[in-house]
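Peer 1: Here is my input; please provide its structure:
(one chain, ligands or ions: 2)
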Amino acid sequence: MPIEAIASQQSGRKPTGPAAAPARGILIGADVPLPRMRVTFLGTGSALPTGERFQAGILVQEDGRTVLVDCGAGVLQRLQQSGVGYEGVSTVLLTHHHLDHVADLLPLMKARWLAGEEHLEVVGPQGTKALLDDLLDVYEYMREKIDLQVREVVPGEFSVAGFDVSAYETRHSLPCLAYRFGDLFTFSGDSEAFAGLANFAEGSAILAHDCSFPDGVDVSNHPTPDSLGRELAGREIGRVYLTHLYPHTEGRHDEMLESIGAHYDGDVRFAEDLQTVSIE
Ligand SMILES: [Zn+2]
Ligand SMILES: [Zn+2]
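Peer 2: Residues are numbered from 1 along each chain as shown. Ligands and ions are numbered 1, 2, ... in the order given. Below is the predicted model of the structure:
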């Protein structure tokens with residue numbers, strides 16, 4: 001159980017370009033693999049801007065493999081700041097089709113086309129093919145600019161970008177999948193807190209979970225800290241990062257952590273844009 005060694009760092013906001021892209025591997029030697037899984041929060045915000053947090057996007061890297069999970073507005077900028085860049089992402093895995101999870105998909109595609117990167121794979125729940133078709137009907141000039149492969153997945157196990165991934169259907173206003181990468185990392189996608197999802201995440205070194213609002217906000221389709229704490233109670237999880245944060249959560253982090261902590265005694269933190277968590 002690899003939860004002893006979880007390091008976290010801000011990856012900084014240094015200017016980066018193609019010449020400063022360590023995660024691509026080629027600049028540090030073609031056969032030097034990344035030593036462990038790295039999870040980088042690119043966007044920890046939601047559909048309403050906070051001015052600080054961009055929309056949903058998480059970069060997962062292991063042994064030279066890279067997958068971008070969700071691609072909301074601002075993720076393309078954060079990718080560049082992370083040092084990975086649009087060149088370093090050839091597979092996007094979508095949890096669901098809300099705008100705050102897909103808004104930068106076509107901008108990513110266009111950046112890759114302009115840079116001569118010829119391939120992009122988009123993997124997501126049922127309807128992902130229709131989504132891409134419809135987007136490319138609107139932005140017709142983007143059709144056939146790159147070799148686009150679209151694959152739909154259902155709850156269960158499959159491979160994405162060389163990762164073995166499990167998917168689990170969440171409780172949200174659109175069909176949404178949570179994804180689990182072995183024992184290392186689980187991402188809730190957008191979801192109410194419920195026992196099935198907590199079961200799905202149990203045993204993960206890292207769980208990134210939607211915690212959109214503080215207690216007292218009348219909300220469905222997303223958790224509040226109280227409901228999340230109740231469902232996590234008693235679970236074995238290395239560390240929980242809260243993400244998908246609406247502006248309502250600003251200035252209320254302490255009380256949110258206390259509310260979760262009233263039920264769940266594990267390590268819970270707020271995710272920040274450009275924060276990287278390394279898992280051994
Ligand atoms: Zn959503
Ligand atoms: Zn969302």
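Peer 1: can we go C-alpha only for contacts and neighbour counts from here?
Peer 2: Noted.
Peer 1: Look up how far R112 lies from Y168.
Peer 2: Separation of Y168 from R112 (CA to CA, to the nearest Å): 30 Å.
Peer 1: now do T128
Peer 2: The gap separating T128 from R112 is 20 Å, by CA to CA.
Peer 1: more crowded one of those two?
Peer 2: Set T128 next to R112 and count neighbours by other CA atoms under 10 Å: R112 wins out with 22 against 19.
Peer 1: three-state assignment of the more buried one?
Peer 2: helix (DSSP: H, G, I helix; E, B strand; the rest coil).
Peer 1: For A167, give me its contacts.
Peer 2: Counting by CA atoms under 8 Å, 6 or more residues apart in numbering, A167 touches V154, P155, G156, E157, L177, A178, Y179, R180.
Peer 1: Mind listing the residues bridging to it?
Peer 2: G156, Y179 (DSSP bridges).
Peer 1: show me where pLDDT drops low in the stretch 1-150 of the chain?
Peer 2: 1-35 (pLDDT under 70).
Peer 1: Do a quick rundown of the strands in it.
Peer 2: Listed in chain order, the strands of the stretch 1-150 of the chain (DSSP state E, counting those that start in this stretch) span 6-10, 37-43, 57-62, 65-69, 91-93, 119-124, 147-152.
Peer 1: Centroid-nearest residue for the protein?
Peer 2: The centre of the chain sits closest to I58, judged by CA atoms, centre = their mean, with a distance of 2.9 Å.
Peer 1: Go ahead and confirm that one touches T66.
Peer 2: No. At 10.5 Å, I58 does not count as touching T66 under the criterion of CA atoms under 8 Å.
Peer 1: What number of residues are in the vicinity of V277?
Peer 2: For V277, the count of nearby residues is 21 (other CA under 10 Å).
Peer 1: Partner strands of the helix or strand it falls within and their direction?
Peer 2: Per DSSP states H and E: V277 is located in strand 275-279. Looking at strand 275-279 with DSSP bridges, its partner strands are strand 6-10 (antiparallel), strand 37-43 (antiparallel).
Peer 1: follow-up on the earlier one: could you give me the PyMOL syntax to select whichever of the contacts of A167 are buried?
Peer 2: Of the contacts of A167, the buried ones can be selected in PyMOL as follows, counting by 16 or more other CA atoms under 10 Å:
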select buried, resi 177+178+179+180
